[in-house]
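> Provided below are the primary sequence and the corresponding predicted coordinates.
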Amino acid sequence: MTTTATSTAVRMRRPRVRITPVRVVIGMVLAALAVLVIFPLVWMAISGFKTNAELYGDPWGLPAEWRWHNYERAYEYGVIHYIGNSLVVTIGSIILVVLVSSFAAFALVRVKIPFSAPLTMVVLGGLMLSETVALVPLFRIMRGIGLYNSLFGIIILYTAFRVPFITFLIRAYMLGLPQEVYDSAVVDGCNTWQIFWRITMPLCYPIIISAAVLQALFSWNEFVFALVFIKDDELKTMPVGLMTLQSKLTTDWPVVFAGLTMSAIPMVLAFLFGQRYFVKGITEGIGK
Amino acid sequence: MKKIIGIALSLSLAALAVGCGANPDSGGSSANTGELTGKISFLEKWPDPQYKVIFDKIVADYIAAHPGVEIDHQAVGDQPIKDQLRVLTSADELPDIFFAWPGDFAKKFIRGGFAADLSEYLNGTEWGESLAESALGAYKYDGKYYGIPINMNAKVFAYSKSAFTKAGVQPPTSYEELLASCEPLKAAGYTPIAFGNQYGWPAIHYITQLNAEYVAADVRNADYNPAGGEFTDPGYEKALVTFKEMIDKCSKPGSNGISHETAQADLTNGKAGMQYLEVLEFVSLNNTETVPESWIGDWDFFAFPPIAGAQGTPGAITGAPDGFLVNGKSENIALAIDFLKFLTSKENAALIVKDIGWPSPVAGSAELAQATPEVKKAVEMMSAAPEMAIWLDTETHAEVAQAYLAGVESLLNQDLTPAQVMDSVRVAAAKVKAENS
């Protein structure tokens, strides 16, 4: 009995990792990479507690006094509001771009439609369109249809400009799905709508996650559209809002750093909680 | 699955309903029945909190005094406002009142018919008399006034009194003395001139000053005009040679990688002797939140000292006001003018001087606001200057300015010689001349 229990305990124990010189080197390289990534974030958060003089005079040191009021001022200047607007725009555009691009990719890959090859080229041709070139005509259009100075307008723009790329991603993934699954779905009596929702979308889960991550990064950081198409302070997104804290000559940098730290929190939290999906999504999706 | 998507869509629509304040402009309208009413749009370039409160207050005060008036006030930063104005102009949606730097930047709007002639509101009127001619003149084109200045600005050398004392040097009265002071300052452990050119404009401000020193005003005016740029005067190259000599001898290497603020921190933290900076920066030089206490009261300033034998305007000072143009196509010009009068009233100018330390072009505002001694001295200096040289990068056509910016950056990197920089400026000027003549 004792022998059996011991052997079970041995079996249950995690296998001991053998420390070899190669593993030590790999560990050190990974630790160095972790420091490289984490250090700027920590430096930014600490700089948010300093004065301008401390920031320039002793950029690597700790503040003489932890000035929480820098964070309070960033809050008073509306940083939370800007983050809220960015969240609305990011979540809205993720949902819209994933839906539209999935429909488009499915139609191009699985539905027999006339001129599907040239249509694919037209959709993918959108990748060539630069934001800056389109600014003036877009401005007129947005004013004309009443979407200027609204978050909904920004969501539409972010979606429209990213549909070609996201469609390109999802289409490439869908092309690799086995035909047999579709054949059996048809034999089982599924219509096109059911094939899309019940067969294709669950199979495309990894690429959908990738698309959502990439869209989140784009929408969270986009500057030019948010600058030109949003006028009211209450509707500004985070990148433009934080820019307003800086002036040409007399910026209070610690308050800007405090704002930057606060604005980084949602993305850091999203990454921490969804790390598994992020990494899986990117590796499985894009690598496909 | 359907349920999940349904919930996600409902949530996103709910979020949109909460977050989207669709607020399309209704456009201005005027019903001039004696009392001014209607809506005007106002675009300025000071969104940062310390300035924004002032502009917000002035706008709110005006609306409170004029119940039938609505002002659509937007503030966009120094750099992004260039993109904003470009898009708004192309889309024919310029605001009724908008910021413009003096020089060719403003003249582009004037030439395009986007700026109203304000001469009738300024010539011989009380309002016109209250504004300093040197500031108003920066927005003068073909003898007509197009802009209303909001502040006055100039470049000066701010210096650390204790650094100068320790090095045994006096504020220089000539360029030669300035150059000679660099060695003693270095020996005393200071970087003589703090200089950071990461943004490009700090070097251009030096070149603006040196061009004014070396090249006669009429030659410069002809060259800076897009239709007549030649840049053949040897003074332009001398200006670049002098600039290079001064930076090589008196500043840290690698200035293209140092920001203006970082260089300023060297000055205020006791690591540098002086810095060429704007009078508008005085407010941050006296702010205990941004500089060490040891710096407060330990600084003074002097104008760029004259260069012996130079052919330009002796005593000229680089600088220009910031100001506003009124949209020539505005349907509410009377209201826009009235608001600008209010903005530049003695009381509001005094508020600006007191709260943000800008030297004001409005007569009597400095006394009313009890401006700092430094600001008063700067205003006197600007008033006495025989010429205010407008920033080269806003005074010249954008392509010429770009050739200067890129050329001077390469000069500092040792990639181009002064003669090569001037060659590229002449190429840009010839192209602009061909397009504009």
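Arrived safely.

> and residue B:47, how far is that from residue B:411?
Relative to residue B:411, residue B:47 is positioned 33 Å away (C-beta to C-beta, to the nearest Å). All C-beta atoms are positioned from the backbone trio N, CA, C, and that covers glycine.

> How about chain A: which residue is closest to chain B?
Evaluated by C-beta to the nearest C-beta, chain A has residue A:56 as its residue closest to chain B, separated by 2.9 Å.

> need the contact list for the residue of the stretch 301-437 of chain B found nearest chain A.
Closest approach of the stretch 301-437 of chain B to chain A (C-beta to the nearest C-beta) occurs at residue B:356, with a separation of 8.9 Å. The neighbourhood of residue B:356, defined by C-beta atoms under 8 Å, 6 or more residues apart in numbering or on different chains, consists of B:50-51, B:54, B:283.

> and the residues you listed near chain A, which?
If you filter the contacts of residue B:356 for contact with chain A, counting by C-beta under 8 Å from any C-beta of the partner chain, you are left with B:50-51, B:283.

> Report the secondary structure element holding the residue in chain B positioned nearest to chain A.
Sorted by distance to chain A under C-beta to the nearest C-beta, the residues of chain B start with residue B:265, at 2.9 Å. Remark: residue B:265 resides in helix B:260-268, with elements defined by DSSP states H and E.

> Just the CA atoms of that helix, as CSV, please.
Written as CSV, here are the backbone C-alpha positions of helix B:260-268 (Å, rounded to 0.1, in the frame of the first residue of the first chain):
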residue,chain,number,x,y,z
HIS,B,260,14.4,71.6,-26.5
GLU,B,261,12.9,70.8,-23.1
THR,B,262,15.9,68.5,-22.2
ALA,B,263,18.3,71.2,-23.1
GLN,B,264,16.3,73.6,-21.0
ALA,B,265,16.4,71.2,-18.1
ASP,B,266,20.3,71.4,-18.3
LEU,B,267,20.0,75.1,-18.0
THR,B,268,17.6,75.2,-15.0
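
> Could you tell me which residues within that helix count as buried?
By neighbour count on 16 or more other C-beta atoms under 10 Å in any protein chain shown, the buried set for helix B:260-268 is B:260-261, B:263-268.

> that older thread, and the ones next to chain A among the contacts of residue B:356, which of them are in helices?
Here DSSP state H is the test, and those give B:50-51, B:283 as lying in helices.

> and the least confident of the residues you listed?
Comparing pLDDT over those singles out residue B:50 as the least confident position, at 82.

> Quick check: chain neighbours aside, which residue is closest to that residue?
Using C-beta to C-beta, 6 or more residues apart in numbering or on different chains and skipping residues adjacent in sequence, the residue nearest residue B:50 is residue B:356, 6.4 Å away.

> hmm, back to that, redo the ones next to chain A among the contacts of residue B:356 as a markdown table? Include neighbour count and distance to residue B:129.
Formatted as a markdown table, the entries for the ones next to chain A among the contacts of residue B:356 read as follows, by neighbours: other C-beta atoms under 10 Å in any protein chain shown; distance: C-beta to C-beta, whole Å:
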| residue | neighbour count | distance to residue B:129 |
| --- | --- | --- |
| B:50 | 17 | 31 |
| B:51 | 19 | 27 |
| B:283 | 19 | 28 |
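
> Just the closest of those to residue A:147, please.
When those are compared for distance to residue A:147, the smallest value, 30.0 Å, is given by residue B:51; criterion: C-beta to C-beta.

> Surely that closest one and residue A:247 touch.
Yes: if you go by C-beta atoms under 8 Å, residue B:51 and residue A:247 touch, sitting 7.0 Å apart.

> Tell me, what's the model's pLDDT at the most centrally placed residue in chain B?
Per C-alpha atoms, centre = their mean, the C-alpha nearest to the average position across chain B is that of residue B:322, at 5.5 Å. Reading off the per-residue confidence, residue B:322 sits at a pLDDT of 94.

> Then residue B:8?
We note a pLDDT of 44 for residue B:8 in this prediction.

> what's the answer for the one 4 residues further on, then?
Predicted confidence (pLDDT) for residue B:12: 42.
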